[in-house]
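>>> no sequence for this one, just the structure:
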Ligand SMILES: [Zn+2]
Ligand SMILES: [Zn+2]
């Protein structure tokens, strides 16, 4: 997602979590941690469970814990061409670890072994990434319930005696003894099953396609009024947008708001550190605070970068644009439904496209490419883009190559779904008029220009956790989330008609 929320809702702040960072360094030194964990777990299993169940309240339970107290968290093995990106698998593995540590208190080896088994079982049963996420979310939920049951058991004040059998077997099933993890009920995405075909999906999405007026209001690039090739116009420019006229010798930094001088090629004339807050200011009970560091605003920045950045935005000088073309009507009337997401990095010229991901209605990635910007990158914007310098080594695809692929893949009537898609279209330099935008379909209660964050929509409607990783996020995940939000919406529509 290119657009951060314009305002932070309280729910986001409340839900903010500290991401689990696996101890990669320790893992590298101990490549056999998972194996070691597996081999020690059988013995540890019985003993710890027994100890935990029979120890009187406040009694010592030290015997088996110290030897495994500092195990590094397990890591998903690298798999090339896997059906689910490793980053996503790692995230759910981390969730499994956290929750299983509560089921097996003080027994990291056992918890990690079970977490690895659980994740592998979910992965093995998933034909696609969408199914994986759904199964993984279901499993995490069950583990949390199990952990809560365990907490009740140990802290409920009736812990002296043995645990009733029913609870033990319940926990055993949840924690996956003897492959029980494979027998959990599968809550397949029913909304997908309800829509029989892509042409039905295409028709049912029609009421949500933005009108020309909405496209203009929401800042989508539109065809140039004079028909000049490569040119686009914006009918509406956000009053808060920082405008830099073409050829300007000064720019305002997007992060710290400082003004800095640039040469013709966009290089900063003076080397200057950028001290900034990466989060937003939010107001809660009258307090203004930064979401990044929780300091009271105003306060000096909590992050330092080597240079200032700008998006060098001039609404009257939009060049290099391509428009999707009319194509013959397909027999089933379906021009296609895709969701897309782009990432941008900062270059000397401003914000430029560095990654594009297109997914189909099954949540499968149909096109993904890293993109080499035209101008030298000065900041990869890794926190938000997930793109690192080394990712770009050997990447030669240009934005014009990407445009050629998209113009081939889409017609002017193809439905493109995304969240604040106008930002993606500006990054892609794409003019397209058949758009379903989840920021419009699920508006903020205060109306425009406020927008709800995609992650909040997902946690509200899909009970899905996204974009909590410190190391940036996965753009296919955002695109899949937008597609799933619309599938959810169509399902809700169908319910209200009954
Ligand atoms: Zn901060
Ligand atoms: Zn700055």
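Sure thing, it's come through. Quick caveat, the model's predicted, so the values are computed rather than measured. Ligands and ions are numbered 1, 2, ... in the order given.
>>> C-alpha from now on. contacts and neighbour counts both.
OK.
>>> quick check: mean pLDDT of the helix ranked longest in the chain?
Ranked by residue count under DSSP state H, the longest helix found in the chain is helix 129-155. Helix 129-155 carries an average pLDDT of 69.
>>> show me what that helix is packed against.
Applying 3 or more Cα pairs under 8 Å, 6 or more residues apart in numbering; DSSP states H and E, one finds that helix 129-155 contacts helix 86-103, helix 108-124, helix 165-175.
>>> ligand 2 is nearest to which of these?
Smallest distance to ligand 2 across these (Cα to the ion): 29.9 Å, for helix 86-103.
>>> so residue 379 makes contact with residue 346?
Yes - the criterion here is Cα atoms under 8 Å, and residue 379 meets it with residue 346 at 5.1 Å.
>>> care to break this protein down by domain?
Structurally, the chain divides into domains by automatic domain parsing as follows: 32-188, 194-235+316-497.
>>> now the end-to-end length of stretch 321-331.
Terminal residues of stretch 321-331 lie 30 Å apart, using Cα to Cα, to the nearest Å.
>>> buried stuff in that stretch?
Residues of stretch 321-331 classed as buried: 321, 322, 323, 324 (neighbour count, 16 or more other Cα atoms under 10 Å).
>>> which of the residues you listed sits closest to ligand 1?
Nearest to ligand 1 out of the buried residues of stretch 321-331 is residue 321 (Cα to the ion; 35.9 Å).
>>> residue contacts, that closest one?
229, 230, 231, 232, 428, 429, 430, 431 (Cα atoms under 8 Å, 6 or more residues apart in numbering).
>>> show the buried residues in those residues.
Counted by 16+ other Cα under 10 Å, the contacts of residue 321 give 230, 231, 232, 428, 429, 430, 431 as buried.
>>> get me the contact residues on the stretch 201-350 of the chain for ligand 2.
253, 255, 256, 274, 308 (Cα under 5 Å from the ion).
>>> rerun at 6 Å
The stretch 201-350 of the chain comes close to ligand 2 at residues 253, 255, 256, 258, 274, 308, as judged by Cα under 6 Å from the ion.
>>> so what's the closest residue to the fourth one other than its chain neighbours up against?
Okay, so that is residue 258. For residue 258, ignoring the flanking residues on the chain, the nearest one in space by Cα to Cα, 6 or more residues apart in numbering is residue 252 at 5.6 Å. The contact partners of residue 252, by Cα under 8 Å, 6+ apart, come to 242, 258, 259, 260, 309, 310.
>>> 10 Å instead?
Contacts of residue 252 were listed using Cα atoms under 10 Å, 6 or more residues apart in numbering, and they are 242, 243, 244, 258, 259, 260, 261, 308, 309, 310, 311, 312.
>>> for residue 287, phi and psi?
The phi/psi pair for residue 287 (degrees, to the nearest 10) reads phi -90, psi 130.
>>> what's the most distant pair in the contacts of residue 321?
Maximum pairwise distance in the contacts of residue 321, criterion Cα to Cα, is 15.8 Å, between 229 and 428.
>>> which residue does the stretch 301-450 of the chain bring closest to ligand 1?
Proximity to ligand 1, evaluated over the stretch 301-450 of the chain using Cα to the ion, is greatest for residue 302 at 4.3 Å.
>>> so how many other residues sit close to that residue?
Residues within reach of residue 302, counting by other Cα atoms under 10 Å, total 15.
>>> nearest spatial neighbour of it, skipping sequence neighbours?
Residue 302 sits nearest to residue 277 (Cα to Cα, 6+ apart), 5.5 Å away.
>>> correct me, but the one you found touches residue 296?
No - counting by Cα atoms under 10 Å, residue 277 stays clear of residue 296, with 11.7 Å between them.
>>> what are the ranges of the strands in the stretch 201-350 of the chain?
Remark: strands assigned in the stretch 201-350 of the chain by DSSP state E, counting those that start in this stretch are 222-223, 232-233, 250-252, 259-261, 274-276, 281-284, 287-290, 303-305, 322-323, 337-347, 350-359.
>>> nearest to residue 462, out of those?
Short answer: strand 337-347, nearest of the strands of the stretch 201-350 of the chain by Cα to Cα, at 16.7 Å.
>>> same question for the closest one, mean pLDDT?
Strand 337-347 carries an average pLDDT of 95.
>>> same thing with stretch 425-441?
On average, stretch 425-441 scores 97.
>>> that one: which residues count as buried?
Buried residues in stretch 425-441, counted by 16+ other Cα under 10 Å: 425-440.
>>> from one end of it to the other, what's the distance?
Chord length of stretch 425-441, first to last residue, is 18 Å (Cα to Cα).
>>> where does the residue nearest to residue 302 fall, phi/psi-wise?
Here is the backbone geometry of residue 277 (degrees, to the nearest 10): phi -110, psi 130.
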